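A.B. asks: Predicted model, plus sequence, below.
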Amino acid sequence: MSPLLANIALSALDDHFIRAWEQQMATEPQRQRRKRHGQANYRLVRYADDFVVLVTGQREHAEWLRREVATVLAPMGLRLSPEKTQVVHIDDGFDFLGFNIRRMRKRGSNKWFVYTRPSKKAIASIKSRVKTMTYRSTLHKEPGYLMDYLGRVLRGWANYFRHGVSKATFSAIDSYAWERITAWLRKKHRIGWPEMRRRFCLPGTWRLAVDGTRFKGAASVTVIRYRYRGYRISTPWTPAAPTG
């Protein structure tokens, strides 16, 4: 389903949850009252045909909401994908739009936070692209072309994932790319480590470079977190300001 058709078809789902938001979750006191009475609070987050329903409640509340979503979609001839639809606890985490979202204890403390990181599938995908570009079949390409191309690929990937806890992941991806590129260079030119370092690294370092131009990968992209920006961005569920 294209993003345009998804937005048109799933507008009914948006409307359903907007009405529920207005009736049940418009104010903080109402949310607290529902919680005290054992009722669930929930919110829909959707992008095209991918969506997640966030639930504050018990597992049975989430199961009930899954059945309700299926009921709303059925008249449009749509159904939930059994392979992709899961009910999980936030402590176990879930993948959404390439990110893994999970609540974990902050290292060195007893405080728990929700962390957003690149998913294992996203990491495997970018590693696969690096591996493909450094196969033996690409040995005919020039080192400058290879490093420039891989650098642009890695930086583009990192720009998508920079709004999260991604710094360590970016460094790990660059380390993998470094290993693949250095092995590629040694095979192409049939040289050992000393010669490879002399020809393709900045003086006195192991940082890859061609003609003095340093290779810049994912770690060169600055990580910028937006932990609370959702509260500052208008959404369909933002209550309208009272008039008069």
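C.D. replies: Here it is on my side, so go on.

A.B. asks: Could you check the pLDDT of the most centrally placed residue in the chain?
C.D. replies: The centroid of the chain falls nearest to residue 99 when counting by CA atoms, centre = their mean (2.3 Å). Per-residue pLDDT puts residue 99 at 93.

A.B. asks: what residues are up against the closest residue to it other than its chain neighbours?
C.D. replies: Spatial nearest neighbour of residue 99, excluding adjacent residues (CB to CB, 6 or more residues apart in numbering): residue 116 at 5.1 Å. Where C-beta positions appear, they are placed from N, C-alpha and C, glycine not excepted. Residues near residue 116 by CB atoms under 8 Å, 6 or more residues apart in numbering: 99-101, 163-165.

A.B. asks: Roughly how far does the residue nearest to the centre of the chain sit from residue 222?
C.D. replies: 18 Å (CB to CB, to the nearest Å).

A.B. asks: now swap in residue 204 and tell me
C.D. replies: 26 Å.

A.B. asks: before we move on, the earlier item: I'd guess the residue nearest to residue 99 is in a helix, am I close?
C.D. replies: No. Counting by DSSP: H, G, I helix; E, B strand; the rest coil, residue 116 is located in no helix; its state is strand.

A.B. asks: Give the bridge partners for it, please.
C.D. replies: residue 101 (DSSP bridges).

A.B. asks: which one's the longest helix in the protein?
C.D. replies: Selection of the longest helix in the chain by residue count, based on DSSP state H, yields helix 167-189.

A.B. asks: and that one, which residues are buried?
C.D. replies: 169-170, 173-174, 176-178, 180-182, 184-185, 188 (16 or more other CB atoms under 10 Å).

A.B. asks: ok, which pair from those is furthest apart?
C.D. replies: 169 and 188 (28.4 Å; CB to CB).

A.B. asks: rewinding a little: how about the buried residues of helix 167-189 in CSV, adding distance to residue 130 and pLDDT?
C.D. replies: What follows is the buried residues of helix 167-189, written out as CSV (distance: CB to CB, whole Å; pLDDT from 0 to 100):
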residue, distance to residue 130, pLDDT
169, 14, 96
170, 13, 97
173, 8, 97
174, 10, 97
176, 6, 97
177, 5, 97
178, 10, 97
180, 5, 97
181, 8, 97
182, 12, 97
184, 10, 97
185, 14, 96
188, 16, 96
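
A.B. asks: Can you tell me which of these is nearest residue 195?
C.D. replies: Distances from residue 195 to the buried residues of helix 167-189, taken by CB to CB, are shortest for residue 185, at 9.6 Å.

A.B. asks: Test my guess that that closest one contacts residue 197.
C.D. replies: No. Judged on CB atoms under 8 Å, residue 185 makes no contact with residue 197 at a distance of 10.1 Å.

A.B. asks: quick one, helices of this protein?
C.D. replies: Under DSSP H, the chain gives helices at 3-9, 11-24, 28-36, 59-73, 120-133, 143-161, 167-189, 193-200.

A.B. asks: okay, these in JSON lines with distance to residue 90 next?
C.D. replies: Output for the helices of the chain, formatted as JSON lines (distance: least, CB to CB, whole Å):
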{"stretch": "helix 3-9", "distance to residue 90": "25"}
{"stretch": "helix 11-24", "distance to residue 90": "19"}
{"stretch": "helix 28-36", "distance to residue 90": "16"}
{"stretch": "helix 59-73", "distance to residue 90": "11"}
{"stretch": "helix 120-133", "distance to residue 90": "17"}
{"stretch": "helix 143-161", "distance to residue 90": "20"}
{"stretch": "helix 167-189", "distance to residue 90": "20"}
{"stretch": "helix 193-200", "distance to residue 90": "45"}
